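S.K.: I need the structure of the sequence given here:
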Amino acid sequence: MTNFQRSARCANPFSSLSKPFVFALSCLFIASPVRAQGAGGAAPSAPQVRMVRAVLGAKGEQRNGSYVVTDRRTTFYIPEDREVIVYFEWEGPTGKHHCEGSVRGPHGEFAVMSSFDYTSTQGRFAGYWKMPISESTPAGNWVFESSVDGESAGQVTFQLVPGTTPAALPKEALLPSVGDLYKLALSSTVQIEKLDSNGKVLRTASAFLANRDQVITSFRVIDGATALRLRLPDGRQISLDRLLAWNRRQDWAILGVNSEAPSLKIAEPKSWTVGDPCYWLDSKVDSSRILSQGQIVGIQLSGPSSDRIDISGTYTSAATGGPLLNERGQVIGILGGLRPESLISRVTSGTETETESLFYSMDGGTSVPTSLLPQSLSPRAVNLNELWAKGEMMPPITNSKYVSYGSLSAGSAKGTKLLSPGSGIIDTQVVFHRSDSTASAGITFANTENLKSTTQLNLYDLDNHPVALGKPQKLAISRGEFAERLWQISLAGLPPAIYRIDLVIGDGIAWRQFFKLAE
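M.R.: Residues are numbered from 1 along each chain as shown. Take a look at the predicted model:
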């Protein structure tokens, strides 16, 4: 019996090694804003804490409060490797938790690792252990097990092999550093401008190169465009008016382009999970880019607007359409996927012409998973004019200068003065119910100039299909005169959904509002 085996029941079974074998415990706590799951009646004997993931490797580093194992593997070589890093993430109830680790060797060797107590204020926390390796560490299969509050909370196995890494053995690529991720994303990110029929910039946002000859972005980045202007990573500027593929509801679009710039690799579908770290490029007002880091904190599956990835961070409007990367620099999502429900809280009476306020406005922390992208594309590109003809495009707001204020209210507009100078409509609301048979739209017109034109109020569904088109009415406003107009909108017979109202003055949209009709 070896000295190692004789000391197997000791507190430190590795005292026979050439130097003390000390398990170094490093604790990392993650309080991610994970969205709560639906309440359920768990059995009393069910574990209160579950393992989200476990990662093994030989190297790791701290990244913005998170610990990342960069050299991931499950086989280690003695004496080439100096330590085994074991990382666990758990999800459980808030409150105080006692966390322990234990390791079991190939000959029954056993040791209880250092423990720690942590009070979790949110549902996620993590820790990692570093197990040193020396020439005297027994080779074979090892098992590392974690426990939380006395219950098993996940285990991993790894192998220690004497000798050096075989030259012919393919090594798993090291995870890129933060600096590498920034360079990779920057070298593949495209600036995209949405232009109207006069060549005016309506919006500046982002896209990225993928699959060598494709530019991928969010559909709402190009929605309402007559033409597109792209600034490629190599500095070239090109104009486009064609799409290879698109999906309005899922919120993605693919353009074709020839560029020698490096393209990003699309990750395998569903290769990510809640708790995984993620990275994206945000955009500053001077168009410079900064790398942001967060976590995947939720998944929305097969909702009204299809799948969405929730991330623990926001990004500016100018970053919309850019790539969401995993730790390996592969694309797992497209920044975008604005929830329809969030549209009803956005007053869109201003133009979509880019301003500082639009540039700085923050979009929700959502991303469209790349698993929604088609595996193959039609060889025929579609002109933007064809999308307009099909009703796929939502016209931009171009005549907002004629409207001072606009809002919605429940009930009939007949016999009621809902507007007053400077105060707007009474009891403004954007959520209605089936019991509300009618709604009223009230508009206060700007009176900075004389205006003779026509006005029309139109109703659309979320897919841009017309539901009801009003009749054009004459509009005459004298400069300095207070002018208002009320419309009554019938809600009877409409299914519960989100709708859009457009007020047309002359040849352009002057005011827009989304509203929700609930049960």
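
S.K.: pretty sure Thr454 contacts Gly506?
M.R.: Yes: shown here, Thr454 and Gly506 form a contact pair, counting by Cβ atoms under 8 Å, at 6.8 Å. No exception for glycine: its C-beta is placed from N, CA and C like everyone else's.

S.K.: which one's more surrounded, these two?
M.R.: Gly506 (16 against 13; other Cβ atoms under 10 Å).

S.K.: show me the contacts for the more buried one.
M.R.: Shown in contact with Gly506 (Cβ atoms under 8 Å, 6 or more residues apart in numbering): Asn399, Tyr402, Ser453, Thr454.

S.K.: secondary structure element for Val55?
M.R.: strand 50-57 (DSSP states H and E).

S.K.: and that strand, what does it pack onto?
M.R.: strand 66-69, strand 83-91, strand 151-163 (3 or more Cβ pairs under 8 Å, 6 or more residues apart in numbering; DSSP states H and E).

S.K.: thinking again about what came up before, among the contacts of Gly506, which ones are buried?
M.R.: Neighbour counting over the contacts of Gly506 (16 or more other Cβ atoms under 10 Å) leaves Asn399, Tyr402, Ser453 as the buried ones.

S.K.: can you list the buried residues in the helix or strand where the last one lies?
M.R.: Going back to what we said before, that points to Ser453. Using DSSP H and E, the element containing Ser453 is strand 451-461. For strand 451-461, a neighbour-count test (16+ other Cβ under 10 Å) marks Leu451, Ser453, Thr455, Gln456, Leu457, Leu459, Tyr460 as buried.

S.K.: from Phe445, how far off is the second one?
M.R.: This points to Ser453. 10 Å (Cβ to Cβ, to the nearest Å).

S.K.: between the two, what contacts are shared?
M.R.: Tyr402, Leu475.

S.K.: domain ranges for this structure?
M.R.: Following automatic domain parsing, the chain resolves into domains at 3-35+45-172, 181-390, 400-518.

S.K.: re earlier: take the contacts of Gly506 and write them to TSV, including pLDDT.
M.R.: Listed next are the contacts of Gly506 as TSV, based on pLDDT from 0 to 100:
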residue	pLDDT
Asn399	91
Tyr402	93
Ser453	95
Thr454	96
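
S.K.: from those residues, which is closest to Leu243?
M.R.: Asn399 (27.0 Å; Cβ to Cβ).

S.K.: count the residues that sit near Asp180.
M.R.: 12.

S.K.: helix/strand/coil for it?
M.R.: helix (DSSP: H, G, I helix; E, B strand; the rest coil).

S.K.: wait, it sits on Gly329?
M.R.: Yes: the criterion here is Cβ under 8 Å, and Asp180 meets it with Gly329 at 7.2 Å.

S.K.: so Phe208 bridges to which residues?
M.R.: Residues in a beta bridge with Phe208, per DSSP bridges, are Thr189, Ile216.

S.K.: now do the contacts for it.
M.R.: Ala185, Ser188, Thr189, Val190, Val215, Ile216, Thr217, Leu264, Gly321, Gly322, Pro323, Val331.

S.K.: for the fifth one, give its distance to Ala245.
M.R.: In this view, Val215 and Ala245 are 12 Å apart by Cβ to Cβ.

S.K.: what residues are shared contacts of the two?
M.R.: With Cβ under 8 Å, 6+ apart as the test, Val215 and Ala245 both reach Ile254.

S.K.: same drill for the two, tell me which one is more crowded.
M.R.: Val215 (27 against 18).

S.K.: so what's that one closest to, chain neighbours aside?
M.R.: With sequence-adjacent residues excluded and distances taken as Cβ to Cβ, 6 or more residues apart in numbering, Val215 is closest to Leu255, at 4.3 Å.

S.K.: how about that neighbour, secondary structure?
M.R.: strand.

S.K.: I'd like the distance between it and Ser287.
M.R.: In terms of Cβ to Cβ, Leu255 sits 20 Å off from Ser287.

S.K.: okay, the two: which has more neighbours?
M.R.: Neighbours of Leu255 and Ser287, each counted by other Cβ under 10 Å, are more numerous for Leu255; the result is 24 against 11.

S.K.: next one: the more buried one from Pro93, what distance?
M.R.: Counting by Cβ to Cβ, the gap from Leu255 to Pro93 is 47 Å.

S.K.: could you do Val504 as well?
M.R.: Taking Cβ to Cβ, one finds Val504 at 54 Å from Pro93.

S.K.: those two - which one has more neighbours?
M.R.: Neighbours per residue, other Cβ under 10 Å: of Val504 and Pro93, the larger number sits with Val504, 20 against 10.

S.K.: so which helix or strand takes in the more buried one?
M.R.: strand 497-505.

S.K.: try Trp388
M.R.: Here Trp388 is assigned to helix 384-390, by DSSP H and E.

S.K.: who does that helix touch, helix- and strand-wise?
M.R.: strand 242-243.

S.K.: hmm, 10 Å instead?
M.R.: Counting contacts by 3 or more Cβ pairs under 10 Å, 6 or more residues apart in numbering; DSSP states H and E, helix 384-390 packs against helix 219-222, strand 227-231, strand 242-243.

S.K.: let me see the mean pLDDT of the next helix or strand after the shortest one.
M.R.: The reference is to strand 242-243. As assigned by DSSP H and E, the chain's next helix or strand after strand 242-243 is strand 245-247. Averaging pLDDT along strand 245-247 gives 94.

S.K.: adjacent strands (with direction) for strand 245-247?
M.R.: strand 252-256 (antiparallel).

S.K.: the strand it pairs with: which residues count as buried?
M.R.: Trp252, Ala253, Ile254, Leu255.

S.K.: the helices in the stretch 351-500 of the chain, which residues?
M.R.: With DSSP state H, counting those that start in this stretch as the criterion, the stretch 351-500 of the chain has helices at 356-360, 384-390.

S.K.: where among these is average confidence lowest?
M.R.: helix 356-360 (a mean of 41).

S.K.: and Gly154, how many residues sit next to it?
M.R.: Count around Gly154 with other Cβ under 10 Å applied: 18.

S.K.: so Ala185 touches Gln330, yeah?
M.R.: No: contact criterion Cβ atoms under 10 Å: Ala185 and Gln330 do not qualify, at 11.0 Å.

S.K.: need the overlap of contacts for these two.
M.R.: Shared contacts of Ala185 and Gln330 (Cβ atoms under 10 Å, 6 or more residues apart in numbering): Leu264, Pro323, Leu324.

S.K.: tell me which of these is nearest to Met393?
M.R.: Checking those one by one against Met393 (Cβ to Cβ), the nearest turns out to be Pro323, at 24.5 Å.
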